[in-house]
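below are the sequence and a predicted model for it; my questions follow.
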Amino acid sequence: MKKYLTGFYGFIILTSFISCSKLVETGVPKTQLTTANVFNDDQSATAVVSSIYAQFNTGISGNVSTHFGLYTDELNTTSSNASTLEYYNGSVSAINSTNLMVWRGFYSVIYQCNALLERIDDVPAITNAVRKQLKGECLFLRALCLFYSVNIYGDIPLLVTTDLGVTSVAPRSTVTEIYQQIEKDLQDAKMLLPETYVNAEKVRANKWAVAALQSRVYLFQKKWVQAEAAATEVIASGIYDSSIPLNSIFLKNSKETILQFWTQNGFTQTGNLFIPSGSSTPGYFLPDGLLNSFEIGDQRKTAWLKTAVIGVQSYTYPYKYKNRSTTTGINAEYVMLLRLSEQYLNRAEARAEQDNLTGAKADLDVIRIRAGLPNSIAVTKNALLLLIEQERKVEFFGEWGQRFFDLKRTERLTIINQAIKPNWKAGSVLLPIPQYEVLNNPNLQQNPGY
């Protein structure tokens, strides 16, 4: 019998179902799952995948959106938490607890996806349609986690099995090898997933979610032709709309949404972290470094930021998500992962890099006009690329650390951060491998400088 991972990453497959009735729409009870009988039919296999999705709202999205915003010029913090301050100061240590949670969060999902992919073909009671859907979703989610992990840590272990004999001593694979696996997973997922969503909500991946992530993956590798083509697929599908009001974008199943993570009570962990807990408490994560980045008349500044006045002091906080407590009906919110605006900006950058400045400006202006801004006036390639970077900064703040990843891929992270982070060094563009993981794997080497 294949041995399952119990040490190195500290994960056991799906220790329990999470309440996810909207995702699963079945009567599966909350119960312990064992590696001997994780799933045996359509219903239980779907519940397994639904519980994997749920982890993004219960830990991953909030940590990444807040702390990687701190790790750039986007956010500062009122927190006195030592782990949080390390991100703000640009000096994350190998024993940082948030860094360990981020690593474990992504590798937990990778492991659980591997477990399903290894076993699902051996369960005859699962119908072919459900088998294809779940395999495609797990390949997509594995690619998503590998993408974030490789951009945070650089060379990382490439795990496509649950075999303890492999995973417990896995060395670091190169960035190139990781991206090859990401591309393969996404290509395979695209073949398996339909264009439509499983149900009325946009909380499980379809073909267009795969294409949207492909566009990002290609953009980060400077594969401009492929990035443009993937973004065009999504835009041309005609089922998404970027012209909706700014305050409607982050509602559940908004027309801009390509993929969201379902939330049980209509509020997100990210919103819970950004919005102050009371009228006398400032938010923990404040976009002070962002406030002067908005052009005059940019409606995103008023729609997506809010100010609390405590005594004589004003505190402005991200307000894309409006809910901090249970919200039902049309105002409920889900965690946004992929939305149409990114596809326009991805395609704008890819086109600019191919010297199609007219096409790039047309895509860029879709986003500017929605924000109440005039058409762009950049006339050179370099000026246009800087304007696209600026638009990404004010469009995606507070979302999955986009600013960090954008500055890193354009090799501008150190240029920006060395002027504002007292402990920043060139090697800080890669975060440390958590020390706990290094100590438990003799073949896992630490990043330089840690």
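On my side now, so go ahead.

only C-alpha atoms for contact and neighbour calcs from this point on.
Will do.

let me know the pLDDT of G278.
We have a pLDDT of 88 for G278.

could you do the one 5 residues further on as well?
The score at G283 is 90. That number is its pLDDT.

residue contacts, T77?
L70, L85, Y88, G283, Y284, F285, L286 (C-alpha atoms under 8 Å, 6 or more residues apart in numbering).

number of nearby residues for the fourth one?
For G283, the count of nearby residues is 22 (other C-alpha atoms under 10 Å).

how close does it get to F294?
Using C-alpha to C-alpha, to the nearest Å, one gets 21 Å for the distance from G283 to F294.

before we move on, the earlier item: which of the contacts of T77 lies at the shortest distance from D155?
Using C-alpha to C-alpha, L70 comes nearest to D155 of the contacts of T77, at 23.0 Å.

that closest one contacts Y88, correct?
Yes. Proximity of L70 to Y88 meets the contact threshold set by C-alpha atoms under 8 Å, at 4.8 Å.

please say which of those two ends up with more neighbours.
Higher neighbour count among L70 and Y88: L70, with 28 against 25, using other C-alpha under 10 Å.

what sits against that one?
Here L70 is in contact with N76, T77, Y87, Y88, F285 (criterion: C-alpha under 8 Å, 6+ apart).

quick check: closest non-adjacent residue to the third one.
Using C-alpha to C-alpha, 6 or more residues apart in numbering and skipping residues adjacent in sequence, the residue nearest Y87 is Y71, 5.1 Å away.

what's the answer for R324, then?
N272 is the one closest to R324 (C-alpha to C-alpha, 6+ apart), at 4.8 Å.

so which elements touch the helix or strand where that neighbour lies?
Using DSSP states H and E, N272 falls within helix 269-274. Secondary-structure packing of helix 269-274 (3 or more C-alpha pairs under 8 Å, 6 or more residues apart in numbering; DSSP states H and E): helix 61-70, strand 285-286.

packing partners for the shortest one?
Looking back up the chat, that one is strand 285-286. strand 76-77, helix 269-274, strand 313-318.

for the helix or strand just after that strand, buried residues please.
Counting by DSSP H and E, the element after strand 285-286 in chain order, helix or strand, is helix 299-303. Residues of helix 299-303 classed as buried: Q299, R300, K301, A303 (neighbour count, 16 or more other C-alpha atoms under 10 Å).

sort out which residues of stretch 382-392 are buried, please.
Result for stretch 382-392 [16+ other C-alpha under 10 Å]: buried residues L384, L385, L387, I388, E389, E391, R392.

that should have said stretch 125-144, apologies.
Neighbour-count burial for stretch 125-144 [16+ other C-alpha under 10 Å]: 126, 130-144.

got a list of contacts for the helix or strand harbouring A212?
Using DSSP H and E, A212 maps to helix 207-220. Helix 207-220 has contacts (C-alpha under 8 Å, 6+ apart) with 140, 144, 147, 183, 186, 189-191, 193-196, 224, 226-231, 233-234, 237, 258-259, 338, 343, 346, 350, 409.

ok, and the helix or strand in this structure with the lowest average confidence?
helix 21-24 (a mean of 37; mean pLDDT, DSSP states H and E).

CA atoms only: put the helix or strand following it into PDB for me.
Remark: after helix 21-24, the chain's next helix or strand is helix 42-54, criterion DSSP H and E. In PDB, the C-alpha atoms belonging to helix 42-54 read as follows (Å, rounded to 0.1, in the frame of the first residue of the first chain):
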ATOM      1  CA  ASP A  42     -20.000  11.200  -7.100                       C
ATOM      2  CA  GLN A  43     -21.300  12.800  -3.900                       C
ATOM      3  CA  SER A  44     -18.400  12.100  -1.600                       C
ATOM      4  CA  ALA A  45     -15.800  12.900  -4.300                       C
ATOM      5  CA  THR A  46     -17.400  16.200  -5.000                       C
ATOM      6  CA  ALA A  47     -17.500  17.000  -1.300                       C
ATOM      7  CA  VAL A  48     -13.800  16.300  -1.100                       C
ATOM      8  CA  VAL A  49     -13.000  18.800  -3.800                       C
ATOM      9  CA  SER A  50     -15.400  21.400  -2.300                       C
ATOM     10  CA  SER A  51     -13.600  21.200   1.000                       C
ATOM     11  CA  ILE A  52     -10.300  21.900  -0.900                       C
ATOM     12  CA  TYR A  53     -11.800  25.000  -2.300                       C
ATOM     13  CA  ALA A  54     -13.000  26.100   1.100                       C
END
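
name the helices or strands packed onto helix 42-54?
With 3+ C-alpha pairs under 8 Å, 6+ apart as the test, helix 42-54 has helix 21-24, helix 97-119, helix 128-153 packed against it.

which stretch among those helices approaches T162 most closely?
helix 97-119 (6.2 Å).

in the closest one, which residues are buried?
98-117.

now do the shared contacts for L70 and Y88.
N76, T77.

and for N417, the neighbour number?
Around N417 there are 22 residues (other C-alpha under 10 Å).

where does the chain have low pLDDT?
1-37 (pLDDT under 70).

residue nearest the centroid of it?
W400 (4.8 Å; C-alpha atoms, centre = their mean).

give the contact list for the nearest residue to it once chain neighbours are set aside.
With sequence-adjacent residues excluded and distances taken as C-alpha to C-alpha, 6+ apart, W400 is closest to S65, at 4.1 Å. When contacts are counted by C-alpha under 8 Å, 6+ apart, S65 touches T270, G398, E399, W400, G401.
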